[in-house]
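[1] Here's a sequence, model it:
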Amino acid sequence: MTQTFSVENFKGCKSVTLSPDGSLVVIAGANGAGKSSFIDAFVELFDPKGIRLTPKPIKDGAATAEAVFEDSKLGYRITRRWTKNDSGTLTVTALDGAKYSKPTELVRELTGGLIFDPVAFLNMDDKKQRDALLAKVELPFDLEDLARKKAAALEARVEAGREVKRLQGALSAIPKPEPETPSVETSPSEIVAELQEAQNHNNNIQRAAERLREYTVNIESNEQRIARLREEIQRLTADLADLEAARTDALADSSAEPIDLVPIQERLRNLDEINQAVRSKQDHIRAGEALQLAEDAHAVAQGNLDSIEATKRDGLAKATFPVAGLSVDDEGVTFDGIPFGQVNSAARLKTAFAIATAGDPKLKLVIVKDGDLLDASSLDAVRELADERGYTVLVERDRDESRQIGFTIVDGELEGVKKAAPKSVPKGEVAGCGTCEAYRVSGGPAHHASKKCQSGGRDHCTCEVCF
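    Numbers count the residues shown, from 1 in each chain. All right, here's what the predicted structure looks like:
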């Protein structure tokens, strides 16, 4: 015996134990017989991540469920046991009794990290096929981490794009300001002050002109008085000097250019309209600046996406695929540059099996759930590939000759297995078996069960499992 597969009370499988010969192990049976449950038990058993794949693993009416794989050549027994509806408890023991403290890591090491279903791979869509292949390829980056970064960059780009569109709409809704529109609003008090200053200036000019006329009259009067009153000439001459100086000042003041009050008054009347234009200009500037920031953010997000895609592209270019000519592009898997779906079926099956058996794991096992998709010639091809690569292929299949060449499950149990009737053992007497060296007091606990015992020291043990 090299390998033994055993399932008890898992979903629809009540109790099945088989030790097959040959590389191809076909599990047959009608719908609902328990063959899918048997296969699913080992899919769960070898799942290194311990993900809960089955919502309700324990068969109705049972307290526990168990899947066991034993390989005498490798010297390991791998067990997953369920006591409730969860992912179960994984244990790995050596056949000499040693127990491993890190069973998940050991299973991952034994299987290469993933039990690959080549038939399921052939029936995936292009994108899922691509992801499944990449999971089998050693890449210079973490594919899940890269996917998370890409998703974050895509979200950032979408968010930035939304902001760009929003701000473009906001900017278009604001009238574009005229070139001469001031950048800062003007206060009414500033214009009133300017107007008052201009009015004071003009009033000063007017008063200066009036003074000029007045001084001119006085001069003329004084000149006449000088002519008449020469005795007062000395006094009047002094007055005349003062008047001349005053007239000079008045003449300078009166020669200044008057300020036109009309434009200032017009600006005051139109101040609200001007300030509205100023506010509109400021809104336009702010919206333009926000748009530029959003466009910059969008460009940064696009740059991140481009960088991620470049990292993925460079990594894939350096990756070594399990089959020569096999690669991936943005759409899916390619073979010699041709979409994988366009490759002939025989080459596709051979390639899928090569992917499933890539690497050199210690435990060489392939599980195929949809074996009914394989005709007789395809099944023979799988057998030949398994023989060539030293693999065991566990196939769920009930078409054509499956029941003649494989193991048939009926009502959750293996068809054709005869069970020995339990021996009647009086209360308190010992029943035992030399093969297992399992001893049990009838109705009491097990005693001295060897590590070879496969019955678990059942009450009234007849060792039908061992035989």
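[2] From here on, just use CA atoms for contacts and neighbour counts.
    Noted.
[3] Could I get the contacting residues of residue 228?
    By C-alpha atoms under 8 Å, 6 or more residues apart in numbering, the contact list for residue 228 is empty.
[4] Give me the mean pLDDT for stretch 385-399.
    Stretch 385-399 shows a mean pLDDT of 94 in the predicted model.
[5] same deal with stretch 116-135?
    86.
[6] Please tell me how far it is from the chain's geometric centre.
    For stretch 116-135, the distance between its averaged C-alpha position and the chain's averaged C-alpha position is 20 Å (C-alpha atoms, centre = their mean, to the nearest Å).
[7] hey, where'd the helices end up in the stretch 1-150 of the chain?
    According to DSSP state H, counting those that start in this stretch, the stretch 1-150 of the chain carries its helices in the segments 35-45, 103-111, 118-122, 126-135, 143-173.
[8] Residue 394 is in contact with residue 371, correct?
    No: look at residue 371 against residue 394 with C-alpha atoms under 8 Å: they stay out of range, at 9.4 Å.
[9] Format the helices of the stretch 1-150 of the chain as a markdown table; extra columns: mean neighbour count and distance to residue 179.
    Written out in a markdown table, the entries for the helices of the stretch 1-150 of the chain read as follows (neighbours: other C-alpha atoms under 10 Å; distance: least, C-alpha to C-alpha, whole Å):
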| stretch | mean neighbour count | distance to residue 179 |
| --- | --- | --- |
| helix 35-45 | 24 | 74 |
| helix 103-111 | 18 | 72 |
| helix 118-122 | 20 | 66 |
| helix 126-135 | 18 | 55 |
| helix 143-173 | 16 | 17 |
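[10] Between the ones you listed, which one is closest to residue 269.
    helix 143-173 (27.3 Å; C-alpha to C-alpha).
[11] Just give me how far that closest one sits from the chain centre.
    Relative to its chain's centre, helix 143-173 lies at 14 Å (C-alpha atoms, centre = their mean).
[12] Report all helices and strands that that helix contacts.
    For helix 143-173, the packing partners by 3 or more C-alpha pairs under 8 Å, 6 or more residues apart in numbering; DSSP states H and E come out as helix 271-318.
[13] Recalculate using a threshold of 10 Å.
    Taking 3 or more C-alpha pairs under 10 Å, 6 or more residues apart in numbering; DSSP states H and E as the contact definition, the neighbouring helices and strands of helix 143-173 are helix 126-135, helix 271-318.
[14] so which of those gets nearest residue 404?
    Proximity to residue 404 (C-alpha to C-alpha) singles out helix 126-135 among those, at 32.7 Å.
[15] Taking their axis directions, the closest one and helix 271-318 sit at what angle?
    60 degrees (axes from the mean of the first three to the mean of the last three C-alpha atoms, to 10 degrees).
[16] How about residues contacting helix 126-135?
    113-114, 116-117, 120-124, 142-144, 316, 319, 321-322, 326-334, 339-341, 352, 355-356 (C-alpha atoms under 10 Å, 6 or more residues apart in numbering).
[17] so residue 338 sits right up against residue 326, yeah?
    Yes: Residue 338 is in contact with residue 326 according to C-alpha atoms under 10 Å; the separation is 9.4 Å.
[18] Looking at the two, which has the bigger crowd around it?
    In this view residue 338 and residue 326 are compared by other C-alpha atoms under 10 Å, and residue 326 has more residues nearby, 19 against 13.
[19] Quick check: the residue found closest to residue 79 once you drop the neighbours it is linked to in the chain vs residue 353, distance?
    Counting by C-alpha to C-alpha, 6 or more residues apart in numbering, residue 79 lies nearest to residue 68, which is 4.5 Å off, once chain neighbours are set aside. Here the criterion is C-alpha to C-alpha, to the nearest Å. By it, residue 68 lies 25 Å from residue 353.
[20] Can you say which of the helices of the stretch 1-150 of the chain is nearest to residue 196?
    Distances from residue 196 to each of these were compared using C-alpha to C-alpha; the shortest belongs to helix 143-173, at 39.3 Å.
[21] now the angle from that closest one to helix 126-135?
    For helix 143-173 against helix 126-135, the angle between stretch directions is 130 degrees (the same axes, to 10 degrees).
[22] Give me the buried entries from the contacts of helix 126-135.
    Of all the contacts of helix 126-135 considered here, the ones buried according to neighbour count by 16 or more other C-alpha atoms under 10 Å are 113-114, 116-117, 120-122, 316, 321-322, 326-328, 332-334, 339-341, 352, 355-356.
[23] coming back round to it: save the helices of the stretch 1-150 of the chain as a markdown table, and put in distance to residue 189 too.
    Shown next, in a markdown table, are the helices of the stretch 1-150 of the chain (distance: least, C-alpha to C-alpha, whole Å):
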| stretch | distance to residue 189 |
| --- | --- |
| helix 35-45 | 84 |
| helix 103-111 | 82 |
| helix 118-122 | 81 |
| helix 126-135 | 71 |
| helix 143-173 | 31 |
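[24] And the pLDDT for residue 256?
    The predicted local confidence for residue 256 is 81.
[25] Correct me if wrong: it contacts residue 202.
    Yes: contact status for residue 256 versus residue 202: in contact at 9.5 Å, counting by C-alpha under 10 Å.
[26] which of those two has more neighbours?
    For residue 256 against residue 202, the residue with the higher neighbour count under other C-alpha under 10 Å is residue 202, and the figures read 19 against 11.
[27] How about the secondary structure of the residue lying closest to the more buried one once chain neighbours are set aside?
    For residue 202, ignoring the flanking residues on the chain, the nearest one in space by C-alpha to C-alpha, 6+ apart is residue 258 at 6.2 Å. The local conformation at residue 258, judged by DSSP: H, G, I helix; E, B strand; the rest coil, is coil.
[28] From residue 200, how far off is residue 258?
    Counting by C-alpha to C-alpha, the gap between residue 258 and residue 200 amounts to 11 Å.
[29] what do you get for residue 18?
    In this view, residue 18 and residue 200 are 117 Å apart by C-alpha to C-alpha.
[30] Okay, now the unreliable bits of the stretch 51-200 of the chain?
    Where the stretch 51-200 of the chain drops to pLDDT under 70, the residues are 51-53.
[31] Next up, the contacts around the residue nearest the centre of the chain.
    Residue closest to the mean C-alpha point of the chain, counted by C-alpha atoms, centre = their mean, is residue 148 at 3.3 Å. By C-alpha under 10 Å, 6+ apart, the residues touching residue 148 are 142, 154.
[32] Next: the one 5 residues further on.
    Neighbour list for residue 153: 147, 159, 298, 300, 301, 302, 303, 304, 305, 306, 308 [criterion: C-alpha under 10 Å, 6+ apart].
[33] One more: residue 231?
    Going by C-alpha under 10 Å, 6+ apart, residue 231 touches residue 225.
[34] can I assume it sits in a helix?
    Yes: following the definition three-state DSSP, residue 231 is counted among the residues of a helix.
[35] what's the neighbour count on the closest residue to residue 73 other than its chain neighbours?
    Excluding the flanking residues, the one nearest residue 73 by C-alpha to C-alpha, 6+ apart is residue 2, at 5.7 Å. Residue 2 has 12 neighbours, counted by other C-alpha under 10 Å.
[36] can you pull the pLDDT of residue 2?
    The predicted local distance difference test score for residue 2 is 84.
[37] try the one 3 residues further on
    Looking at residue 5, its pLDDT stands at 96.
[38] hey, what's it bridged with?
    On DSSP bridges, the residues paired with residue 5 through beta bridges are residue 18, residue 69.
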